[in-house]
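Peer 1: sequence? don't have it. structure:
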């Protein structure tokens, strides 16, 4: 049973206008060409590790990072740099200024019990001593 009286005309071909599609393709092509950023190849990049010509008697301690620990114990907070202990940030600054490799940066490791002011003072002391970058390290409990 056929409900419609409309006869399908199969001889008519459907034609699509391709000019608008070509315009869209060219617009997309231009967009991607303009917004693409070209990265340098790996051989053109500067190495992240900078080495200096030194004598062969350099020790491993020359390459250890500067880590300032802010420790709270027995109700007082103090700064520790290696085995040296400092009560004030002025003492810490004078010791940090003796380091040669300030371009490598310094790390400030703060215990959970230490007050925020001491952590900020340690980071400021590293900046005042001439370190180019100062990074915060959370205390891992060890």
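Peer 2: Happy to help now that I have it. Note that the structure is a prediction, hence the values are computed from the model and not measured.

Peer 1: my guess is residue 135 meets residue 107, correct?
Peer 2: Yes: in this structure, residue 135 is within contact of residue 107 by C-beta atoms under 8 Å, at 5.1 Å. Every residue, glycine included, has its C-beta placed from N, CA and C.

Peer 1: between these two, who's got more neighbours?
Peer 2: Neighbours per residue (other C-beta atoms under 10 Å) separate residue 135 from residue 107, with residue 107 holding more: 17 against 14.

Peer 1: how about low-confidence regions in the chain?
Peer 2: Within the chain, the segments meeting pLDDT under 70 span 1-11, 39-63, 140-142.

Peer 1: please enumerate the helices of it.
Peer 2: Taking DSSP state H as the test, the helices found in the chain are 19-35, 89-96, 116-128.

Peer 1: for those helices, which one sits closest to residue 78?
Peer 2: helix 116-128 (8.4 Å; C-beta to C-beta).

Peer 1: and that closest one, what's buried?
Peer 2: Going by neighbour count (16 or more other C-beta atoms under 10 Å), the buried part of helix 116-128 is 118-119, 121-123, 125-126.
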